[in-house]
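Chemist: here's my sequence, what's the structure:
(one chain, ligands or ions: 1)
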Amino acid sequence: MDRKNIDKLINGAANFNINLSMFHVEQFEKYFKLLIEWNEKINLTSITDEGDVITKHFLDSLSVFKSGKITGNENIIDIGTGAGFPSIPLKIVFPNIKLTLLDSINKRIVFLEEVIDKLNLENIYTVHGRAEDYGNKVNFREKYDLSVSRAVASLNILAEYCIPFVTVNGYFIAMKGPSIEEELKLSKNAIKTLGGVVENVVDVVIPYTEIMHKLVIVKKKIKTQSIYPRKPKFINKKPL
Ligand SMILES: C[S@@+](CC[C@H](N)C(=O)[O-])C[C@H]1O[C@@H](n2cnc3c(N)ncnc32)[C@H](O)[C@@H]1O
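Modeler: Predicted structure coming up:
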């Protein structure tokens, strides 16, 4: 990375009260290189300019810290993680997080395994599969302090994917675009049915851009009934 982009990364993270060391910067550099290299073979991202990757992927991912729900020791699952967003940037900065990366596309899982290997990340697990299937498995269901997700589905559907993984008193954090009033209204029933309640919606501006996002923070109040998550055709055709 050139000096300008290193400063962008460091100052952008500082904007979220995250202090990056040179080791963190080197880890982000390695991640960037792998992302660009693998993106030539498999579809990982349409964003390839170094400065844009820093803002739209790395800093955007780190914005989850603004939720106030990350101390650095949580057990987190990233649903539909793709090329590792938002959770790999969080793992780089908070290495004590225990992290599970779940995605339904195996090629992306193979890429993530390479990232884990090259960045020497520990306490991190990959899972190739669908959220609806793994949310019903005993080793995954209600086993996480936090489930996070970016750009996977509309909130009512995403709630059924993500809330079953969360332990009671844990949180589901959805990264959403700036206009979510309608989506929030439409997902009220789903969130309640799955045992959650919207605790807060946090505004985020990605540093060095004018892009605004919202973090929807859902607290899990009671256990999710065993009939959820349903089979994919029901989740999509008849969202809660
Ligand atoms: C648009 S990409 C977003 C990737 C990443 N979260 C990001 O923000 O860059 C959506 C990802 O979700 C995965 N996905 C979609 N539905 C899923 C499901 N039901 N279970 C697991 N993964 C899913 C897709 O394979 C894809 O990698």
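Chemist: tell me which helix or strand in the protein has the weakest average pLDDT.
Modeler: The helix or strand of the chain with the poorest confidence is helix 232-237; it has a mean of 88 (mean pLDDT, DSSP states H and E).
Chemist: may I see the buried residues of it?
Modeler: Buried residues in helix 232-237, counted by 16 or more other CB atoms under 10 Å: Ile235. Every residue, glycine included, has its C-beta placed from N, CA and C.
Chemist: what's the spacing between that helix and its chain's center?
Modeler: Computed by CA atoms, centre = their mean, to the nearest Å, the separation of helix 232-237 from the middle of its chain amounts to 22 Å.
Chemist: kindly report the same for stretch 37-49.
Modeler: Relative to the chain's own centre, stretch 37-49 is displaced by 19 Å; criterion: CA atoms, centre = their mean.
Chemist: and that stretch, how far apart are its ends?
Modeler: Start and end residues of stretch 37-49 are separated by 13 Å (CA to CA, to the nearest Å).
Chemist: how about that stretch and the ligand, touching?
Modeler: No. Stretch 37-49 stays clear of the ligand (CB under 6 Å from any ligand atom), getting no nearer than 6.7 Å.
Chemist: any idea of the mean pLDDT for the top helix by length along the chain?
Modeler: If you go by DSSP state H, the chain has its longest helix at helix 22-39. On average, the pLDDT along helix 22-39 is 98.
Chemist: then stretch 71-87?
Modeler: In this model, stretch 71-87 has a mean pLDDT of 98.
Chemist: list the buried ones in that stretch?
Modeler: Going by 16+ other CB under 10 Å, stretch 71-87 has these buried residues: 74-87.
Chemist: any chance of the residues you listed in TSV, plus distance to the ligand and secondary structure?
Modeler: Below are the buried residues of stretch 71-87 laid out as TSV (distance: CB to the nearest ligand atom, whole Å; DSSP: H, G, I helix; E, B strand; the rest coil):
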residue	distance to the ligand	secondary structure
Glu74	18	coil
Asn75	18	strand
Ile76	13	strand
Ile77	11	strand
Asp78	7	strand
Ile79	6	strand
Gly80	3	coil
Thr81	5	coil
Gly82	2	coil
Ala83	6	coil
Gly84	8	coil
Phe85	4	coil
Pro86	7	coil
Ser87	9	helix
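Chemist: reformat those as TSV; add distance to Val166.
Modeler: Shown next, in TSV, are these (distance: CB to CB, whole Å):
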residue	distance to Val166
Glu74	11
Asn75	10
Ile76	10
Ile77	8
Asp78	13
Ile79	11
Gly80	15
Thr81	16
Gly82	20
Ala83	23
Gly84	20
Phe85	19
Pro86	16
Ser87	15
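Chemist: and the residues you listed, which is closest to Gly68?
Modeler: Using CB to CB, Glu74 is the member of the buried residues of stretch 71-87 that lies nearest Gly68, at 12.2 Å.
Chemist: got phi/psi on the spatially closest residue to the closest one that is not a sequence neighbour?
Modeler: Excluding the flanking residues, the one nearest Glu74 by CB to CB, 6 or more residues apart in numbering is Asp145, at 4.1 Å. The phi and psi values for Asp145, taken as degrees, to the nearest 10, are phi -70, psi -40.
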